[in-house]
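A.B. asks: Kindly return the folded structure for what I paste below:
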Amino acid sequence: MFSRIRQAMFLRRFPAMISPAKRVFSSKVYEEIDPLTLNIHELNQEMQSIFGQEPSPDAYKAFSGQIESTKPENSDRRSHIEYQKSTHLRENYSQAKEQSAKVVSDMSKLTHVGSSGEAQMVDVSSKDNTKRTALACCKVVLGKRVFDLVLANQMGKGDVLGVAKIAGINGAKQTSSLIPLCHNIALTHVRVDLRLNSEDFSVDIEGEASCTGKTGVEMEAMTAVSVAGLTVYDMCKAASKDIRVTDVRLERKTGGKSGVWSRDE
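C.D. replies: All right, here's what the predicted structure looks like:
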């Protein structure tokens with residue numbers, strides 16, 4: 001459509017080459033309808049004189065859109081957008097590269113992971129024998145009714161706390177059989193204590209393991225309290241299935257290359 005408009009406008013100006021006065025006018029119009037410097041008002045007048053009516057709003061919008069897309073500032077804007085996109089991509093690539101390097105660095109600190117990501121047992125033969133200890137805790141939330149039964153020693157299976165204590169000690173000694181990559185440690189001491197807590201109707205369990213060797217006993221201490229907590233659940237599950245074993249955690253460790261660590265510090 002717009003090619004037809006341009007042809008009609010050109011034909012209308014063609015006689016202006018004969019008349020100097022018209023040639024000036026046509027030159028002026030030609031300059032003003034240049035897409036880069038178009039005067040919309042005069043374009044409307046020109047189109048009205050050709051077709052005898054004003055162009056429709058749709059034609060005006062479409063033609064304006066074509067002209068708008070040719071303006072230098074829009075070209076600059078597109079170039080700016082492309083530049084922003086390329087900059088954003090470079091930043092994302094740089095961030096991804098940094099994160100990848102950090103993951104590789106962090107993986108190098110995981111002693112149970114090999115260079116290709118496979119699981120491995122740590123070789124501790126070059127380490128010195130030192131005295132090592134670890135203290136761990138957990139909580140078993142019983143609820144008031146079960147708590148009262150345990151307090152009164154009226155559970156059908158017998159002494160809940162006594163049985164759980166022995167189970168925790170035995171669990172510490174079986175840690176290397178339960179946790180695949182743990183070393184078989186010659187423990188010198190294991191302590192498991194259970195205390196009824198009337199504030200939240202729970203059993204607080206504390207376990208401590210000790211040895212003199214080349215590797216730590218953190219897993220032994222946490223296994224002790226975990227097995228003791230599961231034993232409390234087993235002893236009480238007939239009275240309630242809503243019992244929860246929670247907050248298994250290491251509280252303190254000593255010995256070895258890393259020395260003393262405490263959760264409170």
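
A.B. asks: Just the helices from the stretch 51-200 of the chain, written as ranges.
C.D. replies: All helices of the stretch 51-200 of the chain, identified by DSSP state H, counting those that start in this stretch, fall at 57-69, 72-107, 144-151, 160-173, 175-178.

A.B. asks: In terms of mean pLDDT, which of those helices ranks lowest?
C.D. replies: Among the helices of the stretch 51-200 of the chain, helix 57-69 carries the lowest mean pLDDT, at a mean of 53.

A.B. asks: In this protein, what helix or strand scores lowest on average pLDDT?
C.D. replies: Across the helices and strands of the chain, the lowest-confidence element by mean pLDDT, DSSP states H and E is helix 20-32, at a mean of 43.

A.B. asks: Could you double-check that Arg132 sits in contact with Gly213?
C.D. replies: Yes. Between Arg132 and Gly213 there is a contact under C-beta atoms under 8 Å: 6.5 Å. (C-beta placed from N, C-alpha, C; glycine too.)

A.B. asks: Can you pull the residues that touch both of those two?
C.D. replies: Common contacts of Arg132 and Gly213 (C-beta atoms under 8 Å, 6 or more residues apart in numbering): none found.

A.B. asks: what pairs with Lys131 across the strands?
C.D. replies: Thr212 (DSSP bridges).

A.B. asks: residues contacting it?
C.D. replies: Counting by C-beta under 8 Å, 6+ apart, the residues that Lys131 touches are Ser210, Cys211, Thr212, Thr254, Gly255.

A.B. asks: Could you give the number of residues near the last one?
C.D. replies: Counted with other C-beta atoms under 10 Å, the neighbours of Gly255 add up to 20.

A.B. asks: Next one: it, what pLDDT does it get?
C.D. replies: 91.

A.B. asks: what's the closest non-adjacent residue to it?
C.D. replies: Among residues not flanking Gly255 along the chain, Arg132 sits closest, at 3.4 Å (C-beta to C-beta, 6 or more residues apart in numbering).

A.B. asks: Likewise for Lys237?
C.D. replies: Here the nearest residue to Lys237 in space, its sequence neighbours aside, is Ile243; by C-beta to C-beta, 6+ apart that works out to 6.8 Å.

A.B. asks: For the one you found, the count of nearby residues, please.
C.D. replies: Other residues near Ile243 come to 20 when the count uses other C-beta under 10 Å.

A.B. asks: One more: Thr223?
C.D. replies: Thr223 sits with 26 neighbouring residues when counted by other C-beta under 10 Å.

A.B. asks: Check which helix or strand it maps to.
C.D. replies: Element membership of Thr223, judged by DSSP states H and E, is helix 218-236.

A.B. asks: what angle do that helix and helix 160-173 make?
C.D. replies: Relative orientation of helix 218-236 and helix 160-173, computed by axes from the mean of the first three to the mean of the last three C-alpha atoms, to 10 degrees: 150 degrees.

A.B. asks: Surely Phe201 and Val140 touch.
C.D. replies: No. Using C-beta under 8 Å as the test, Phe201 is too far from Val140 to be in contact (10.1 Å).

A.B. asks: So for these two, which sits in the more crowded spot?
C.D. replies: For the pair Phe201 and Val140, the greater number of neighbours falls to Val140 (28 against 17), based on other C-beta under 10 Å.

A.B. asks: So what pairs up with that one in the strands?
C.D. replies: Beta-bridge partners recorded for Val140 (DSSP bridges): Val203, Val245.

A.B. asks: Gly158 versus that one, what's the distance?
C.D. replies: Look at Val140 and Gly158: by C-beta to C-beta, to the nearest Å, they are 17 Å apart.

A.B. asks: Repeat that for Gln99.
C.D. replies: With C-beta to C-beta as the criterion, Gln99 and Gly158 are 55 Å apart.

A.B. asks: related to what we said a few turns ago, adding distance to Leu194, write the contacts of Lys131 out as a markdown table.
C.D. replies: Output for the contacts of Lys131, formatted as a markdown table (distance: C-beta to C-beta, whole Å):
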| residue | distance to Leu194 |
| --- | --- |
| Ser210 | 19 |
| Cys211 | 23 |
| Thr212 | 27 |
| Thr254 | 23 |
| Gly255 | 26 |
